[in-house]
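Student: Need a 3D model of the sequence below.
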Amino acid sequence: MVAMDEDMRRAWDELVATARRTVTDGLVVGTSGNVSVRTGGSDGLILATPSGVPYDRLGPDDAVAVDLEGNQLIGTLKPTSELPLHLEIYRTTSAGAVVHTHAAHATAVSTLVDELPPIHYMAAALGGPVRVAPYALYGTPELAENVRNALLDRTACLLQNHGTITYADTLPTAYDRTAQLEWMCRVWLMSHSVPGLTPRVLSEGELGEAGERLRGYGQR
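Tutor: As a prediction, this is how the structure comes out:
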C-alpha cells in the first residue's frame, strides 16, 4: 500500500465533489457513472470512485487508487467496475481526468445513431462529431476497446445503450465536456423531433473554422 500525500488528498476531495455534482446535475442516478483522476504525472496513480457506494457517503478515508495496470495501492473499497475503461483511456491518451455518466439525453441518442450529428459548433471543442462506441457489457475489455477506438482524435464519445465518457487534463474540464455533450444531445433530440423538418448540420469546414476560433477562447 501507498500513503496518501497532501496533493493526493486534494485530488480525492476534488474527485468526490465532481462525482457528487454528476448526481446533483442529473447526469447519473444512484451509484451509476464513475469519475477518476490521474495524480503525480503520467506515471502516477489513478484515483477512482469506488464501486456501489453513494457519492454523498464518501469521505477522506474512502480513497481508492490503482496503478496503470489496475493494481490497488490505496484503500480497501473495490474500485469502480468500469476501471478497465478508465485505465485504457489513461494508457492511450494524455488524459488527466475521466468522467463517465448515464446522462439521459445522451444515452437516448446513443440508441439512435452511430454519431451525434454536428448541429452545434461546440462539437469542435470535443475534437469533431461525437462517435458512438458499439455496445459491450460494462466493465469488460471489449467495452474499453470500443471506447478507445471511438475516442481517436476526440475527447468524448457516447457508449451505445449506456451513456457518455469524456476526458481532459483536469477534472473541471472533463466535467464541462460531459455537461456540454449532454446539452448537445438534448438539442439534437429536440430539433430532430419536429415533424417534417430535418435539423441542419454543420459542414466539416464550418466545424474546422469553429475549432480554430475556440482554441483562442477565454482568458490567458
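Student: Quick check on residue 141: phi, psi?
Tutor: Main-chain torsions, residue 141, degrees, to the nearest 10: phi -60, psi -30.
Student: got it, and residue 167?
Tutor: With angles defined as degrees, to the nearest 10, residue 167 shows backbone torsions of phi -140, psi 160.
Student: same check, this time on residue 23
Tutor: Its backbone dihedrals place residue 23 at phi -70, psi -50, with angles given as degrees, to the nearest 10.
Student: Can you show me the helices along the chain?
Tutor: Chain-ordered helices for the chain, with DSSP state H as the definition, fall at 6-24, 83-92, 104-110, 141-150, 171-192, 204-214.
Student: quick one: which of those helices is nearest residue 65?
Tutor: helix 6-24 (7.3 Å; Cβ to Cβ). Placement of C-beta: from N, CA and C, glycine included.
Student: In the closest one, which of the residues would be classed as buried?
Tutor: Of the residues in helix 6-24, those with enough neighbours to count as buried (16 or more other Cβ atoms under 10 Å) are 8, 11, 12, 14, 15, 16, 18, 19, 21, 22, 23.
Student: least confident pick among the residues you listed?
Tutor: The lowest pLDDT within those belongs to residue 8, which sits at 93.
Student: which other residues reach stretch 143-163?
Tutor: Contact with stretch 143-163 is made by 32-33, 84-85, 87-89, 92-93, 100-103, 106-107, 109-111, 116, 126-128, 130-138, 164-168, 177-178, 181, 185, as judged by Cβ atoms under 8 Å, 6 or more residues apart in numbering.
Student: could you flag which of those are buried?
Tutor: For the contacts of stretch 143-163, a burial check counting by 16+ other Cβ under 10 Å picks out 33, 84-85, 87-89, 93, 100-103, 106-107, 109-110, 116, 126-128, 130-134, 136, 138, 164-168, 177-178, 181, 185.
Student: if we can go back for a sec, take the buried residues of helix 6-24 and lay them out in TSV including distance to residue 61.
Tutor: Shown next, in TSV, are the buried residues of helix 6-24 (distance: Cβ to Cβ, whole Å):
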residue	distance to residue 61
8	13
11	15
12	10
14	16
15	14
16	12
18	19
19	16
21	21
22	22
23	21
